[in-house]
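Peer 1: Any chance you could fold what I've pasted below:
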Amino acid sequence: MRVCDNGVYRNATPEEIAAWEAADNSVPLDQLQSARQEENKAALASWLASHPLTWTDGKQYGVEEQDQNEMALNLMQYQAAQLAEQTAPLEWHAQKEVCRPFELDEYLALSMAISTYVYPYRRYQESIKTAIYAAATAQEVRAIVIDYSGVEVTI
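Peer 2: Sure thing, here's the model as predicted:
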């Protein structure tokens, strides 16, 4: 069984497994499932934070949920300004860089590349969530391996 210590997965010791099994008997299954799903969400967030997208310009762009939300908001505000016949900048930034102007086509291409990149990780997260909530025992919940490094991504 693999466990997470500060974002690093390692094999659990037999003592840790025995302690979990003893503790699992006192924790309702639904609470254990919810806690495990939170671990799954945190694992995805951690993975995306440490694995940005290298785009066609050779620069790295953040792909975390916050990055995606900010990009969507920027685009929405830009489009609203266009509808109101006002000018508004369409800008974004590579990691650790300042914003720069983007043409609409370029911005959309980057946004879609990020979406395509993240999609397989989100589907994997959903498959883990399904397994967690389908588990009938605490031991089954604990046995589910969360490993985003095995997800195949093609862009």
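
Peer 1: got the residue ranges for the strands in the protein?
Peer 2: Under the criterion DSSP state E, strands of the chain are mapped to 2-5, 8-11, 53-54, 60-61, 91-92, 100-101.

Peer 1: counting contacts, what elements does the fourth one pack onto?
Peer 2: With contacts defined as 3 or more Cβ pairs under 8 Å, 6 or more residues apart in numbering; DSSP states H and E, strand 60-61 has these neighbours: strand 53-54. Heads up, the C-betas are built off the backbone N, CA and C, glycines and all.

Peer 1: Over to the fifth one?
Peer 2: Under the contact criterion of 3+ Cβ pairs under 8 Å, 6+ apart, strand 91-92 touches helix 65-83, strand 100-101.

Peer 1: Give the closest residue to residue 108 in space, chain neighbours not counted.
Peer 2: Distances taken as Cβ to Cβ, 6 or more residues apart in numbering put residue 75 closest to residue 108, at 7.8 Å, once the chain neighbours are dropped.
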